[in-house]
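Chemist: Model the following, please.
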Amino acid sequence: MKHKWLLTLAAWVALGGAGLQALPAAHAQPSYTVSAQQLQEAVAQRFPMHYPVSGLLDLTLQTPRLRLIPALNRLGTEMVIDATGPALARSSTGTFDVDFALRYEASDQSIRAYQLRVNSLRLSGLPPGPSALLEAYGPSIAGQTLQEVVVHRLKPQDLMVADGLGLEPGTITVTAKGLVIGFVTKQLH
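Modeler: Sure thing, here's the model as predicted:
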């Protein structure tokens, strides 16, 4: 039985394409690679985003620039943020920096951001009142903006052979070139 499974796995790897790769034989589990460019393109589709803050400010978050953080197994992003509204004498521009972990969501076959950390929120030339308001709302804005954002969605054909082998995406490893999604034995849901 094990021999038949290994032959099926070898055939799958040989026919893989579309980012499927085999890990070293000692691991005997396939993986799927998502490039940094694919990640950037997927995230860019959801921006710009607009957020009103208590009727005093209107924030617009521009398309983020993703960065890979392999040492922490996280992705980071820095976004340009534009602020306008009644609380400001003039519009202001700044940056918003966060990093996050990734998880697989089986219900829609997506890779999602979670465990968000706000590193900084800087806007130039804000008076103390609006500045304090932004500091207070920064983590909430980050949560609304990126928490559970789909970073990548796997296509049914990406999972067809793995599904037939009783495998599903499991580990997600951030590398210098993108993500490596490892497959594990399917859990009964």
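
Chemist: which stretches of the chain form strands?
Modeler: 20-22, 30-35, 49-53, 57-61, 65-69, 74-84, 92-105, 110-123, 150-153, 167-174, 178-185 (DSSP state E).

Chemist: any chance of these in TSV, plus mean neighbour count, distance to V43 and mean pLDDT?
Modeler: C-beta here means a position set from N, CA and C on the backbone, and glycine is covered the same way. Listed next are the strands of the chain as TSV, based on neighbours: other Cβ atoms under 10 Å; distance: least, Cβ to Cβ, whole Å; pLDDT from 0 to 100:
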stretch	mean neighbour count	distance to V43	mean pLDDT
strand 20-22	16	23	42
strand 30-35	19	12	88
strand 49-53	14	11	82
strand 57-61	20	11	85
strand 65-69	16	6	96
strand 74-84	20	8	91
strand 92-105	19	11	91
strand 110-123	17	9	87
strand 150-153	19	6	88
strand 167-174	18	14	93
strand 178-185	18	12	93
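
Chemist: Save the ones you listed as TSV, and put in distance to L159 too.
Modeler: Below are these laid out as TSV (distance: least, Cβ to Cβ, whole Å):
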stretch	distance to L159
strand 20-22	10
strand 30-35	8
strand 49-53	29
strand 57-61	31
strand 65-69	23
strand 74-84	22
strand 92-105	11
strand 110-123	12
strand 150-153	11
strand 167-174	7
strand 178-185	9
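
Chemist: Quick one, grab the pLDDT at the residue nearest to L57 when sequence neighbours are not counted.
Modeler: In space, and not counting its chain neighbours, L57 is closest to G85: 4.2 Å by Cβ to Cβ, 6 or more residues apart in numbering. On the pLDDT scale, G85 is placed at 84.

Chemist: List the residues that contact the most centrally placed residue in the chain.
Modeler: The residue lying closest to the centre of the chain (Cα atoms, centre = their mean) is V151, at 3.6 Å. Shown in contact with V151 (Cβ atoms under 8 Å, 6 or more residues apart in numbering): 39, 42-43, 75, 102, 110-113.

Chemist: which two in these are spaced the farthest apart?
Modeler: L75 and S110 (14.2 Å; Cβ to Cβ).

Chemist: who's S31 bridged to?
Modeler: Legend: beta-bridge partners of S31 under DSSP bridges are Q21, G182.

Chemist: quick one: it and S107, what's the gap?
Modeler: S31 is 22 Å from S107, where distance means Cβ to Cβ, to the nearest Å.

Chemist: for D58, same thing?
Modeler: For D58 relative to S107 (Cβ to Cβ), the value is 33 Å.
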